[in-house]
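Asks: Below are the sequence and a predicted model; questions follow.
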Amino acid sequence: MDLSLFVWRQQAPDVQGEMVAYSAKGISEDMSFLEMLDVVNEGLISNGEVPIAFDHDCREGICGTCSQVINGVPHGPMERTTVCQLHMRNFKDGDTIFIEPLRAKAFPILKDLIVDRGALDRIIQEGGYISVHTGGVPDANSVLISRKDAETAMDASECIGCGACVAACPNGSAMLFTASKVSHLAALPQGKIEADQRVRSMTNAMKKEQFGNCSNHYECNAVCPKGVKISFIAKLNREFIKSMISGDSSD
Amino acid sequence: MLLIRSSVGRKIIMAVTGQLMVLFVILHVAGNMTIYFDLINAYAEKLHAFPPIVWSYRIIMITVVLTHIVFGLILKIENLLSNPHGYVIKQSIRKTFASETMIWSGAFIALFIVYHLFHFTVQSINPELSARLNTDAMGRPDVMNMLVGNFQIASIGLFYVSGMIALLLHLSHGVQSSFQTLGLNSEKSIPIIVKAGKLAAFLIFVAYVSIPILIMVGLMDL
Amino acid sequence: MINGKCPPGPLEEKWEKHKDGLMLVNPANKRRYRIIVVGAGLAGASAASTLGELGYNVEAFCFQDSPRRGHSIAAQGGINAAKNYPNDGDSIFRLFYDTIKGGDFRSREANVYRLASISNNIIDQCVAQGVPFARDYAGYLDNRSFGGAQVSRTFYARGQTGQQLLIGAYSALSRQIKSGTVRFFPRTEMLDLVVVDGSAKGIIYRDLVSGKIASRAADAVCLCTGGYANVYFLSTNAMGSNVTAAFRAYKRGALFANPCYTQIHPTCVPVTGDHQSKLTLMSESLRNDGRVWVPVVKGDERLPRDISEDERDYFLERRYPGFGNLTPRDIASRAAKDACDKGYGVGPGGRGVFLDFAEAIGRLGEAEVRRRYGNLFDMYQKITGEDAYERPMRIYPAPHYTMGGLWVDYNLESNIKGLFVLGEANFSDHGANRLGASALMQGLADGYFIIPYTIADHLARIKPGVVSTDHEAFVGSVKETNERVEKLLSINGKRSVTDYHRDLGAIMWDLVGMERSEDGLNEAIKKIRALRNEFWDNVKITGEPDELNQELEKAGRVADFLEFGELMALDALERKESCGGHFRSEYQTVDGEALRDDSNYAHVSAWEYKGTDKRPFLHSEPLEFENVDLVMRSYK
């Protein structure tokens, strides 16, 4: 099939970018979306042009590196599918496809479709962990965890940190991302001990990193390739209220 | 203070003040319904019988409303700053017209409240119809006369209906949103609360607009 | 002859005694020692976080944009440990024995035993970190059997065990970054190792955003940079996985051990065309219920359901009646490739065999099959557009893991002092073949529980911060690295980097893949050299050196693969036996099974670099077996 593409090209962080038109010819429906871009890039290189820069790594939907907004939807039209797992059979001959980077104040564009998502790492650094030393821990079966709690923790922990939730949010909010980590750890007995402090410092970090506020549009969940649930945002809110009531007053 | 400074804290303030206002709106509309039993004048007289209660109630509500407005504006400004580069193409999947326009429906409601206060509380708009100046047969302020007289003026009636449309929009997102923000839900109850919130918004809307509409079309008269 | 420095004494006491003999660094002095950790998969993240927590001054590097993305994340099945929670007869010795036997007796007893004994600590550690392993209804940890093991010793978190373990290590690392003990450099790629007077003293790296070549000095360097399966172009590795860091260390004098040991995984989604950029693995568990077959007639293009039972060849069941569809990875892979090479393959280009669930659906019902494998069937449908409940899956083997790596001694230290190599990047624990659910175990064992002890023994013997980046070795290496970048960009030929990588992959797959022969390997060496020469004459890379330039990144990696491939072929040529993932057609039994030669090849082959286009020098480390008998693997 043949496609017309409009791709965001931006040479460097502080240079003005623009949408540039390309055509992708002879695309097979078995290709993944990124393989389609590979073909376009090979064409650009043979013409002596600079290929389109885009982030990608595992190409099997788990590392969370790929990050494109396709026709206005982060990760494109298929539900629960990362860009790398999106295949061209979901498009038809003659389609026009708009490809843009994830856009948010907290995600500065580095080049073309590549953005800096370091802000998400910095949120985790503010408490997205259990403060355990290596070694000196009890036997794994000494703390029993109900199957329900373990499953809830796992549901929350499926987040791949791709940033699609932020990109889809009209407010550029990182609530779903932060909530997934807060909920994962708060569901486990090991994680409850630091829960008060964790939810405060992680939510503070969201603000410091200039993510917006959640207004419950739920766009985040709609584009999340792992389907992380909005009930985790409610869980974060509950944890926050709990920490205000029972935690110490410092923040 | 965490509640005021944090993003989540501010949302909690929005949710709590929002829910207080919903409560007020429900009490208000319940009072309005006395009109169908020809008891509105009696109700109005009882309501204003103890000025200290009336005034403390008013002060609380003004504080709640202003808090909701101030934090709503702060959050909105922060949100605009957090997403400064627009997409060339952006599709929304789950976002609703109501959720997207909270700031505008809210602004219109604020405008409506100001008008409504001057209209039916201060009664400085159309003073000739003021309930304070006209009493009914039993010597009570004639609220019924004031309502009918005003709503028979089409522009006023339509303004009230549009104010209630704004309220409908605001609540159809706001009610469920406040439950989510306060964490008062679960995976299972989220869809129920979303629907219940919309239903509540719709019922409140119907109850409110029924009065001006019935008066405008002439089905309700003195 | 080189010495792995395995401690003497009874197997079960070696590590404990050895630890007691290692030197320690005074707590107050630890922060004066700088340690560089390259790579942020399981091994790198666990090492950096643990060393940071101990108080060392750690600087960690990865080419990804975040330390949460290393390819350990893609491991699906699970992680082994000898906890014996199910009370089914498992023990540390049994895990040790299975691992060393699975590796076809080409690994060190002492290392493997240590790995097995540490396995239990890993599970404890991960649970304490909040890794949500699967649990039973009473709240205890659940286990499953994996990869043909006769005990249930595999701990798992749905089909995302690697992801959950990596997030655990990443969270521990994040904590150290916050506390300031670890400084993290994402989007950086190590391009050279700096060796001063025989000791590793730092690295040269490219900042992948600004393009600047920079250097950092340290008192020790830990390479945790993964495996080299991408030498085959198509593999299940991530696109960025590469051999560059390890290969640069090799060029600076580190020995490279057993590069010919590669693992080909049988259940991957087949290639659909030339555009293919990588291969996707599906869990091996599919073979528990799926039946592998090809049509009896070559090039049969009928729909699979129209091919009757007597027109099908269930070749694994036919050739290995004992294990049938559950034969080990290397055997199943080779049998599938064999069928395809003979022209019986199915699907595009005849590169695939059927994995049929019709019988299982009939026996168990579709609902049960969906419960067991639903996520894999969904993944298969996403990629191929085919519904595996309706028609058989097509599978084909793909390079998946590499057992070879930089040579290290028992302390995980290479022959270059102060250079430590962890995880898949080293060669130490899996011999010639790795068992399922053991890679995660090794990465974490190295990072959490071995390196913290052994690195101290190196540091305690040296003064901290003696060499700075002003040293001529750093200055010279920065200059060389810049020149190499300029050289690559100045060629401005006709063919793209990917073109060359694809060609190299084809050579490696055909001639240094699952089945190797003397003629083939000699031909491979010739072809690789020719391709390498052409690359340096005719490669085309656009863009500038001082900007984010993904083609340039790729070019550096492919240039190293073009040299490394030759080393692999040479190692395969020198190993005149078949063992584990290394199968030489000349050395097989009459039934076509791998024929080991324990009298001549029970050793580690460790190669020393002598210059490009010069033959590297082969060192050998004999493997001694005091606790196990070298038996022949048989799955008939």
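Replies: Thanks, I have it. All of these numbers come straight from a predicted model, not from anything done at the bench. Residues are numbered from 1 along each chain as shown, chains lettered A, B, ... in the order given.

Asks: Buried residues of stretch B:144-163, list them for me.
Replies: Of all the residues in stretch B:144-163, those buried under the rule 16 or more other C-beta atoms under 10 Å in any protein chain shown are B:144-152, B:156-157, B:159-161, B:163. Quick note: C-beta positions are derived from backbone N, CA and C, even for glycine.

Asks: Just the residues contacting it, thanks.
Replies: With C-beta atoms under 8 Å, 6 or more residues apart in numbering or on different chains as the test, stretch B:144-163 has contacts from B:35, B:38, B:40-41, B:108-109, B:112, B:115-116, B:119-120, B:123, B:126, B:129-131, B:134, B:136, B:208-209, B:211-213, B:215-216, B:220-222.

Asks: From one end of it to the other, what's the distance?
Replies: One end of stretch B:144-163 to the other measures 20 Å (C-alpha to C-alpha, to the nearest Å).

Asks: got it, and stretch A:99-110?
Replies: For stretch A:99-110, the first-to-last residue distance is 16 Å (C-alpha to C-alpha).

Asks: next one: stretch C:134-154
Replies: For stretch C:134-154, the first and last residues are 11 Å from each other (C-alpha to C-alpha).

Asks: again with stretch C:152-159
Replies: This stretch, stretch C:152-159, spans 16 Å end to end (C-alpha to C-alpha).

Asks: so where do the helices sit in the chain?
Replies: No chain in the question, so chain A it is. With helices called from DSSP state H, chain A shows them at A:33-46, A:118-125, A:147-157, A:164-168, A:175-186, A:189-192, A:195-208, A:219-223, A:231-246.

Asks: Not quite, go with chain B.
Replies: Taking DSSP H as the criterion, chain B contains helices spanning B:2-5, B:7-32, B:40-47, B:51-82, B:97-100, B:102-116, B:143-151, B:154-181, B:189-216.

Asks: does chain A sit close to the longest one?
Replies: Yes - interface with chain A: helix B:51-82 contributes B:75, B:78-79, B:81-82 (C-beta under 8 Å from any C-beta of the partner chain).

Asks: per-residue confidence for A:Leu144?
Replies: Predicted confidence (pLDDT) at A:Leu144: the value is 97.

Asks: returning to that earlier point: quick one: buried ones out of the contacts of stretch B:144-163?
Replies: Buried residues within the contacts of stretch B:144-163, defined by neighbour count using 16+ other C-beta under 10 Å: B:35, B:40-41, B:108-109, B:112, B:116, B:119-120, B:123, B:129-131, B:136, B:208-209, B:211-213, B:215-216, B:220.

Asks: I'd like the helices of chain A written out as JSON lines, with distance to chain C and mean neighbour count added.
Replies: As requested, the helices of chain A are arranged in JSON lines below (distance: least, C-beta to the nearest C-beta, whole Å; neighbours: other C-beta atoms under 10 Å in any protein chain shown):
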{"stretch": "helix A:33-46", "distance to chain C": "5", "mean neighbour count": "20"}
{"stretch": "helix A:118-125", "distance to chain C": "4", "mean neighbour count": "23"}
{"stretch": "helix A:147-157", "distance to chain C": "4", "mean neighbour count": "20"}
{"stretch": "helix A:164-168", "distance to chain C": "14", "mean neighbour count": "30"}
{"stretch": "helix A:175-186", "distance to chain C": "5", "mean neighbour count": "28"}
{"stretch": "helix A:189-192", "distance to chain C": "5", "mean neighbour count": "16"}
{"stretch": "helix A:195-208", "distance to chain C": "9", "mean neighbour count": "22"}
{"stretch": "helix A:219-223", "distance to chain C": "16", "mean neighbour count": "23"}
{"stretch": "helix A:231-246", "distance to chain C": "14", "mean neighbour count": "21"}
